[in-house]
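Peer 1: Pasted the sequence and its predicted model underneath.
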Amino acid sequence: MKRRGRVRGYAVADEWQRYSAGMSAQHHHAHDHGQAPPADVALRTQALESVLVAKGLVDPAALDAIIETYETRVGPHNGARVVARAWADPDYRARLLADATAAIAEFGFTGRQGEHMVAVENTAMVHNLVVCTLCSCYPWPVLGLPPVWYKSFAYRARAVREPRAVLAEFGVTLADEVAIRVWDSTSEVRYLVIPQRPVGTEGLDEAALTALVTRDSMIGAGLALAPARA
Amino acid sequence: MKRRGRVRGYAVADEWQRYSAGMSAQHHHAHDHGQAPPADVALRTQALESVLVAKGLVDPAALDAIIETYETRVGPHNGARVVARAWADPDYRARLLADATAAIAEFGFTGRQGEHMVAVENTAMVHNLVVCTLCSCYPWPVLGLPPVWYKSFAYRARAVREPRAVLAEFGVTLADEVAIRVWDSTSEVRYLVIPQRPVGTEGLDEAALTALVTRDSMIGAGLALAPARA
Amino acid sequence: MDGVHDMGGMDGFGPVLPEPDEPVFHAPWEARVLGLRIAMAAHQLGSLDSWRHDLERLPPAEYLSTGYYERWLIRLTDLIAASGLASREEMATGKAASGERGAPPLTAELVPIALGTSGSYQRQTGAPPRFAPGQSVRARNIHPHGHTRLPRYVRGRQGRIEADHGAHVFPDSNAHGGGEAPQRLYTVSFPARELWGEGDHEVRLDLWESYLEPA
Amino acid sequence: MDGVHDMGGMDGFGPVLPEPDEPVFHAPWEARVLGLRIAMAAHQLGSLDSWRHDLERLPPAEYLSTGYYERWLIRLTDLIAASGLASREEMATGKAASGERGAPPLTAELVPIALGTSGSYQRQTGAPPRFAPGQSVRARNIHPHGHTRLPRYVRGRQGRIEADHGAHVFPDSNAHGGGEAPQRLYTVSFPARELWGEGDHEVRLDLWESYLEPA
């Protein structure tokens, strides 16, 4: 992965490389990356669940059902179906751009963190990127739970400030003439990026197109896959 | 001590009371107050000194002399003499307000963090308060090393934002008609506040006046002592 | 509040580190915390706005040194303690002090309905919009000590109305129990140069009417 | 850099807690760190500006969870390692790897002179001042990634020149080895209402000429 030091003259990234290299063993910053929580967090969680179950406040089977929902049923495969249909069906694309909440509900993808959906389309002229600088707002019904990088302080800080540098860290380099539009999710409106349809996909059906749509491409941090790579 | 919750409707202070009360024992924020450093800091310091001495890079007697200087010779008693003379001697006061660096050097109070001194005078109309929001710049030759509260994140954050609330936490309540002027020490210029001379001190000599000048009063976070309290 | 959670434009957090083939959860406890948070929401523990404010009010050093689900765990514990549904001691030990046992409001059968349905944040106020798409506006230079969704990095900066979303629940009020106080919500665009003094991109945010003034 | 060190106006840090009869040092190690920092300065380890930038570049969570002298210890160790005067392993173990022994440049006899004398930061440039006392100026809305002494809370805000201090070493350049690049330094006053949207006090800062534009 490319480092920020390349982008700017001042070597903030050097700090991180120093820490990553473990040269300063006293200092642990793993939380910033969502890794290595304190050992007691698992125990605290277990104790909390135990007492809430014992008091009849939560049903452990309900917890299982919630977790199973976000591990299997609600995830970026939902959004991929929406995008693939928008690519394949001009009428659907028009409905999606006009009223994304309703168009997405056609698939049954509804619920919390998807109450007010807006679809924004990447083109040869404009590239959209979504962030939530204040917390980690994310369109759950179409993309599931946010990845760690989306919740990371680095992404929240830098997406609105230097999106080209951030995109480069995802391996995405856009031509200078492509305008970048960053959406900071400050309200209950949630944004779904419709990535550009890859070239060479004219013959593919909706199911085949769905396989090309990555999670990152629906945030704007990636591009849809080329058919050969899918 | 009064709490911030009193000043504003939103209960940031409640958080602190909760933590202070130890209701959330997992979370330690003592560092923010400069207390209770990790046990290994002392060991790391000792190891560092040992190796620097062993390599002939530092002289332990020089360290002792530096520490002794700031523990005994350079401290707020220096500034108190400057202020007392300004109260007692109108000519000195005029020199101090015109060129504080030179007027303070008359006492031999010179050196690092006092290269460019400016004296600002509290009056019945204006109250001055000094802070360094970006780090902890402080006029060492006249006041010595800064107290923990001056270096605290709370003071650095709030002095420029809500100085009346901060002053209230020091027990200082100013009349509404007194204008407050906060000096953020962003350059190498250092500010010394000349507090108002207390009433009832007409008969006191310079030495007696010196005893009324507190450190906090020379930062603007306090008032000079009344003679009865000195 | 002007807190460390308001991260737009901040330096010092290092590179963004995407994780290949990232799992939905990195440890079982993360999944349980998510489940507990959602299941406990059935007990009416407060609005999403007050929850966000709970998170952003964590002491700054704690906010920055904990992960997403750990912050949830801390604040969920606090919420439950404040509600009286369980004591801190019970939650720390995992043992219920009394023998009373209720019936969980959220059962496994209800989960699909609970997750798949949710209310709109849009409200009808009848008030006419103060601004229209295309209009120049300035984000006000205000610094509320409470919850706000107006990031520091746009305050005082000039932008343009791009869309009118109708009236939405106003978080600055709702987070503090002040009622929904719905206000017009607009998408506003700002050129990077206006925000940062440099850059060629554009940033768009959804901002409530009282955050804005004509420019 | 827009870092957590730039604290003016930030919420969430709680009350100010003055300590009655506070000692100069709260533990012996704090005193030793102060002494070591000053004694090692005799080895020409860099400017005060680069030292300040070293401190503010600490990872944000670390900056907020360490105390003043602990931050000094961390960065002094880093500076010495970078200089090659001692290795990290030597500093961690306290044992010198080689038998070479130099003569400390700062002896106890020299301490009064070292502490009592210091150079001016003022420089003669011959350049005429761009602004004059009484003039209205605006702090530029710039966001340098490097060291700067222009706090975020005044950027874009209008103030008034109160004093001209002549040309001073420019930290934004000097911190990065770019030379002293002296610039006119002014005291600038800002009404609280202009900074925060409310309040009746005034804030004054010393700002370099390139931070300012006519208003």
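Peer 2: Received, thanks.
Peer 1: Next, the buried residues of the biggest helix by length in chain A.
Peer 2: Criterion DSSP state H: the longest helix present in chain A is helix A:39-54. By neighbour count on 16 or more other CB atoms under 10 Å in any protein chain shown, the buried set for helix A:39-54 is A:41-42, A:44-45, A:47-54. C-beta: built from backbone N, CA, C; applies to glycine.
Peer 1: For the residues you listed, give me JSON lines that also has pLDDT and distance to chain C.
Peer 2: Formatted as JSON lines, the buried residues of helix A:39-54 follow (pLDDT from 0 to 100; distance: CB to the nearest CB, whole Å):
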{"residue": "A:41", "pLDDT": "96", "distance to chain C": "5"}
{"residue": "A:42", "pLDDT": "96", "distance to chain C": "4"}
{"residue": "A:44", "pLDDT": "97", "distance to chain C": "6"}
{"residue": "A:45", "pLDDT": "98", "distance to chain C": "4"}
{"residue": "A:47", "pLDDT": "98", "distance to chain C": "3"}
{"residue": "A:48", "pLDDT": "98", "distance to chain C": "5"}
{"residue": "A:49", "pLDDT": "98", "distance to chain C": "6"}
{"residue": "A:50", "pLDDT": "98", "distance to chain C": "4"}
{"residue": "A:51", "pLDDT": "97", "distance to chain C": "5"}
{"residue": "A:52", "pLDDT": "98", "distance to chain C": "7"}
{"residue": "A:53", "pLDDT": "97", "distance to chain C": "8"}
{"residue": "A:54", "pLDDT": "97", "distance to chain C": "4"}
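Peer 1: Which one of these is nearest to residue D:25?
Peer 2: Distance ranking of those against residue D:25, using CB to CB, places residue A:41 first at 35.7 Å.
Peer 1: Just the strands from chain C, written as ranges.
Peer 2: For chain C, applying DSSP state E gives strands covering C:122-123, C:136-139, C:158-168, C:183-191, C:202-208, C:212-214.
Peer 1: thinking again about what came up before, now do the longest helix of chain A: everything it contacts.
Peer 2: A:58-60, A:63, B:26, C:27-29, C:32-33, C:36, C:39-40, C:70, C:73, C:76-77, C:80, C:85-86, C:90-96, C:101 (CB atoms under 8 Å, 6 or more residues apart in numbering or on different chains).
Peer 1: Please list only the buried members of these.
Peer 2: For those, buried by 16+ other CB under 10 Å: A:58-60, A:63, C:27, C:29, C:32-33, C:36, C:39-40, C:70, C:73, C:76-77, C:80, C:85-86, C:90-92, C:94, C:96.
Peer 1: Please enumerate the helices of the chain.
Peer 2: This is for chain A. Going by DSSP H, chain A shows helices at A:12-20, A:39-54, A:60-68, A:76-88, A:90-98, A:100-105, A:140-143, A:148-151, A:153-158, A:163-169, A:206-210, A:215-219.
Peer 1: Please refer instead to chain C.
Peer 2: Using DSSP H, helices in chain C cover C:28-41, C:48-56, C:60-65, C:68-83, C:88-93, C:111-116, C:171-174, C:192-196.
Peer 1: and stretch C:109-119 with chain A, contact?
Peer 2: Yes - part of stretch C:109-119 sits near chain A under the criterion CB under 8 Å from any CB of the partner chain, namely C:110-112, C:115-119.
Peer 1: between the helices of chain A, which gets nearest to residue D:61?
Peer 2: The nearest among these, by CB to CB, is helix A:153-158 at 8.6 Å.
Peer 1: Let me see the mean pLDDT of that closest one.
Peer 2: Averaging pLDDT along helix A:153-158 yields 98.
Peer 1: Indicate which one of the strands of chain C is closest to chain B.
Peer 2: Counting by CB to the nearest CB, chain B lies closest to strand C:202-208 out of these; the figure is 18.0 Å.
Peer 1: Just the mean pLDDT for the closest one, thanks.
Peer 2: 98.
Peer 1: How far does it sit from its chain's centre?
Peer 2: Its chain's C-alpha centre and that of strand C:202-208 lie 15 Å apart, by CA atoms, centre = their mean, to the nearest Å.
Peer 1: For it, name the packing helices and strands.
Peer 2: In terms of contacts (3 or more CB pairs under 8 Å, 6 or more residues apart in numbering or on different chains; DSSP states H and E), strand C:202-208 is packed against strand A:179-184, strand C:158-168, strand C:183-191, helix C:192-196.
Peer 1: Mean neighbour count added to those, as JSON lines?
Peer 2: Shown next, in JSON lines, are those (neighbours: other CB atoms under 10 Å in any protein chain shown):
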{"stretch": "strand A:179-184", "mean neighbour count": "22"}
{"stretch": "strand C:158-168", "mean neighbour count": "19"}
{"stretch": "strand C:183-191", "mean neighbour count": "23"}
{"stretch": "helix C:192-196", "mean neighbour count": "19"}
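Peer 1: Dump the ones you listed to JSON lines, plus mean pLDDT.
Peer 2: Below are the helices and strands packed on strand C:202-208 laid out as JSON lines (pLDDT from 0 to 100):
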{"stretch": "strand A:179-184", "mean pLDDT": "98"}
{"stretch": "strand C:158-168", "mean pLDDT": "98"}
{"stretch": "strand C:183-191", "mean pLDDT": "98"}
{"stretch": "helix C:192-196", "mean pLDDT": "98"}
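Peer 1: possible to save those as TSV with distance to residue D:146?
Peer 2: Formatted as TSV, those follow (distance: least, CB to CB, whole Å):
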stretch	distance to residue D:146
strand A:179-184	23
strand C:158-168	27
strand C:183-191	23
helix C:192-196	14
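Peer 1: want to throw the ones you listed into TSV with distance to chain D?
Peer 2: Putting the helices and strands packed on strand C:202-208 into TSV (distance: least, CB to the nearest CB, whole Å) gives the following:
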stretch	distance to chain D
strand A:179-184	15
strand C:158-168	10
strand C:183-191	12
helix C:192-196	5
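Peer 1: so which of the ones you listed comes closest to residue B:81?
Peer 2: The nearest among the helices and strands packed on strand C:202-208, by CB to CB, is helix C:192-196 at 48.2 Å.
Peer 1: Give me the contact list for that closest one.
Peer 2: Here helix C:192-196 has contacts from A:160-161, C:9, C:153-154, C:157-159, C:198-203, D:141, D:143, using CB under 8 Å, 6+ apart.
Peer 1: What subset of those is buried?
Peer 2: A:160-161, C:9, C:153-154, C:157, C:159, C:199, C:201-203, D:141, D:143.
Peer 1: tell me which of those residues is nearest to chain B?
Peer 2: Among the buried ones among the contacts of helix C:192-196, and counting by CB to the nearest CB, the member closest to chain B is residue D:143, at 14.7 Å.
Peer 1: So the nearest residue in space to that closest one that is not next to it in sequence versus residue C:190, what's the distance?
Peer 2: Spatial nearest neighbour of residue D:143, excluding adjacent residues (CB to CB, 6 or more residues apart in numbering or on different chains): residue C:196 at 4.9 Å. Residue C:196 sits 10 Å away from residue C:190, going by CB to CB, to the nearest Å.
Peer 1: can you check residue C:145 too?
Peer 2: 24 Å.
Peer 1: And for residue A:215?
Peer 2: 27 Å.
Peer 1: what's the least confident helix or strand in chain C, going by average pLDDT?
Peer 2: For chain C, the helix or strand with the lowest mean confidence is helix C:111-116, at a mean of 93 (criterion: mean pLDDT, DSSP states H and E).
Peer 1: what residues does chain C put near chain B?
Peer 2: C:1, C:57-62, C:74, C:78, C:88, C:143, C:145-146, C:176.
Peer 1: from these, which two are the most distant?
Peer 2: C:88 and C:143 (33.2 Å).
Peer 1: Contact residues of chain C facing chain D?
Peer 2: Going by CB under 8 Å from any CB, the residues of chain C near chain D are C:1-4, C:9-14, C:56-57, C:59-61, C:64-65, C:140-143, C:145, C:152, C:156-157, C:194-198.
Peer 1: buried set for stretch A:113-129?
Peer 2: A:113-122, A:127-129.
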